[in-house]
Structures are given as C-alpha cells and as structure tokens.
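**Q** Just need the structure, nothing else, for what follows:
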Amino acid sequence: MLYQLFWLFLAFSFLGWCLEVAATAVRLGQYRDRGVLHGPLCLVYGITGCLITIALRELSGGWFFLFLFSALYATVVEWIAGHLLEHYSHTRWWDYSDCKWNLDGYICLSASVVWGALGLVTVKWLVPLLMRLYQLVPAGLAHVLLWIFAILLVIDLLGTALTLGGLRYKLPRVDKVNNRLANLTLRMGLWIFDRTERRMRTKAPQLDLIRPKHTKSTVFAAGCSFYKIFLLFVIGAFLGDITETIFCRITAGYWMSRSSLVWGPFSIVWGLAIALVTQVLYKYKDRSAFWLFGMGTLLGLSLIHI
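**A** The predicted structure is shown next:
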C-alpha cells in the first residue's frame, strides 16, 4: 500500500509540474520552472492528490460532493502552501490578486473550481489508470525503482533546504546531484514549452527563466512563536480529552478514556488541530470574529474528514 501511495505521489507531483509549465507557457508565453525542488516535481499536487485519493475514495460513485470536497481540500492546501513557501523562500510563487473572490492572492474562486474539476478527474479516471500502469511493472522492480526515486527525492529536499538556508555548497555531492536534476528539469521544461507553443501556433517569445521576485510580505504568524504554539498544543490536547470524556459520559452514559497515542490525559488530535489552526489563522487575528469562526470551521471540517 505504501509503495502504491508513493507511486501516486510521484505521478501526481510530476503531472502537476507538467501542467504548470504548459499553463504558464499558454498564459505568459514564457518558460518558468514551477517547482520548488530541483527535479520536475510540484509537491503541492502530490500531497493534494494523495489526500483527495485517500479521503474521498468513498465518494467516487458520485460527482457533486467529490467535486465540492476536492475543491475544498485543494484550496486549503494551496492557501497553506502559499504562505509557507513565501515565508521560507521569500518568493511569491503564484498570485491571484487580479482575480475576483481571492484571499491574499493565494486562492480564488475560479482556481478552486479548476481544482474541483481536477480532483473529480483524478479520483474517477486518473487513479485507476495510474494503478493499472503500476501493476504492469513486476513488484520487485517497482519497489527498487521507487526506492531510487525516494533517495533522489530526499537528496533534492536536502539540497533545496540548504539552498534556502544559504548553505548550498556545504555538501558538494548533494549539490552535484541537484545540479543534474536541475539540468534534467530544464530540458524537460523546454521540451514541454516548445511543444505547447507549436500547438498554439504563435510566434515564440523570448524565454524568461527568471522567477519574478516580490517584496517580502509581513512575517507569517508574527508574534506566534514555537513556544506559544507548543503551549497551545498541550492545552488543546488536555481540554480536548476532557471535552470528549464528558461528551462520552453524557451521550453513552459511562466514563471512557479518550486519550490518543499517549497514556496521559491528552488527545493529540485536538492539540494538533488547535496548533495548526492557530498557526494558519494568526495572521488574520484582526479580522472579524465571524470571519475567523468561518475559516476555523472550514479548516476543522477538513481535518475531521481526513
């Protein structure tokens, strides 16, 4: 199961990268590497695709709720990923500020509709197709190949982290592998760009391989330090355990321990949920209570459904 899930993660990440490169070529007439890593992968697509595949597989028989929850999950992931990427790379990787019904320029209604449609296609048709392709490869060979891809992914992640931290040349071997991955990505991206322009039958503009830099926005979760988040995690885990224990006593008529994963009176799920929602929404602490309640409810529903 883990091998199959990792295969889907890689496939979604690669196909998402291809889609982003082609869409950028159509929209801007330029080639731009849309991935954070050196290799040809968009991890947001991989994470979202696996999340939708696991959480919404029971909805594959219909289309409305599959479309709706796919749009919701993808939008939440895109919003969180946009903030995290800008915070750590000081670069705004996409901007919907010119679109109607956008939030922070990271998400908008039209993009959510597209994600819902992609989620629908993914669960109904793409996942079965990818699993059939996976089954064509002998199990032993498939496992070896996936381990190789996993090692390359770890090296790429390490190299990307070192680059963001200004320590790129501390590990020359890692840097060498990442340079080769970057060259492969460039060749693949230019190939997609060239084929896309041929399809468009338009005059090819001059390629622009430089990502536009934006002025760094206000610090994400300013004033919300690690110690405060950890304290909220502990308090939330404790109060969550108390709440569930009392609720169980009222509804079932007897006392039951609702602790999860640990022996003490702590519900890890509640603690993680409160810490995550606080980290995500702290930037909007000056918004109205109604707005915060609504966004907290949406995030909570997403976590519960997972």
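
**Q** now the strands for the stretch 51-200 of the chain?
**A** Along the stretch 51-200 of the chain, counting by DSSP state E, counting those that start in this stretch, strands occupy 102-103, 107-108.

**Q** tell me which strands and helices the last one is in contact with?
**A** To tie it back to what came earlier, the one meant is strand 107-108. Under the contact definition 3 or more CB pairs under 8 Å, 6 or more residues apart in numbering; DSSP states H and E, strand 107-108 sits against helix 64-89. For every residue, glycine as well, the C-beta is placed using N, CA and C.

**Q** how much space is there between residue 72 and residue 66?
**A** Counting by CB to CB, to the nearest Å, the separation of residue 72 from residue 66 is 11 Å.

**Q** what about these two, which has more around it?
**A** Using other CB atoms under 10 Å, the more surrounded residue of residue 72 and residue 66 is residue 66, with 22 against 19.

**Q** How about that one, nearest residue that isn't a chain neighbour?
**A** residue 59 (4.4 Å; CB to CB, 6 or more residues apart in numbering).

**Q** The one you found is in contact with residue 68, isn't it?
**A** No - when contacts are counted by CB atoms under 8 Å, residue 59 is not listed as touching residue 68 (9.1 Å).

**Q** The two: which has the busier surroundings?
**A** The neighbour comparison of residue 59 against residue 68 (other CB under 10 Å) goes to residue 59, with 20 against 16.

**Q** you'd agree residue 44 is up against residue 78?
**A** Yes - between residue 44 and residue 78 there is a contact at 6.6 Å, judged by CB under 8 Å.

**Q** Give me the more crowded residue out of those two.
**A** Shown here are residue 44 and residue 78; by other CB under 10 Å, residue 44 has more neighbours (25 against 20).

**Q** any idea of the pLDDT on the residue of the chain most remote from its centre?
**A** Note on the chain: the largest C-alpha distance from the chain mean falls to residue 253, namely 41.4 Å (CA atoms, centre = their mean). Per-residue confidence (pLDDT) for residue 253: 75.

**Q** mind listing what's buried in the host helix or strand of residue 251?
**A** Assigned by DSSP states H and E, residue 251 belongs to helix 226-252. For helix 226-252, a neighbour-count test (16 or more other CB atoms under 10 Å) marks 229, 232, 233, 236, 237, 238, 239, 240, 241, 244, 245 as buried.

**Q** same deal with stretch 80-98?
**A** Quick answer for stretch 80-98 (16+ other CB under 10 Å): 80, 81, 82, 83, 85, 86, 92, 93, 94, 96.

**Q** Where is pLDDT lowest across the residues you listed?
**A** Least confident by pLDDT among the buried residues of stretch 80-98: that is residue 93, with 75.

**Q** Phi, psi for that one please.
**A** Backbone torsions of residue 93, given as degrees, to the nearest 10, read phi -80, psi -20.

**Q** what about the closest residue to it other than its chain neighbours, distance to residue 160?
**A** Sequence neighbours aside, residue 85 is the residue nearest to residue 93 in space, at 5.2 Å (criterion: CB to CB, 6+ apart). Using CB to CB, one obtains 11 Å as the distance from residue 85 to residue 160.

**Q** give me the low-pLDDT residue ranges for this protein?
**A** Residues of the chain that meet the criterion pLDDT under 70 lie in 30, 33-34, 163-175, 177-178, 193, 197-227, 254-265, 300-306.

**Q** show me what contacts residue 271?
**A** Residue 271 makes contact with 232, 233, 234, 235, 236, 237, 238, 240, according to CB atoms under 8 Å, 6 or more residues apart in numbering.

**Q** What strand or helix carries it?
**A** In this assignment (DSSP H and E), residue 271 forms part of helix 268-281.

**Q** Tell me which helix or strand the most centrally placed residue in the chain sits in.
**A** Centroid-nearest residue in the chain, with CA atoms, centre = their mean: residue 44, separated by 3.3 Å. Element membership for residue 44, per DSSP H and E: helix 43-55.
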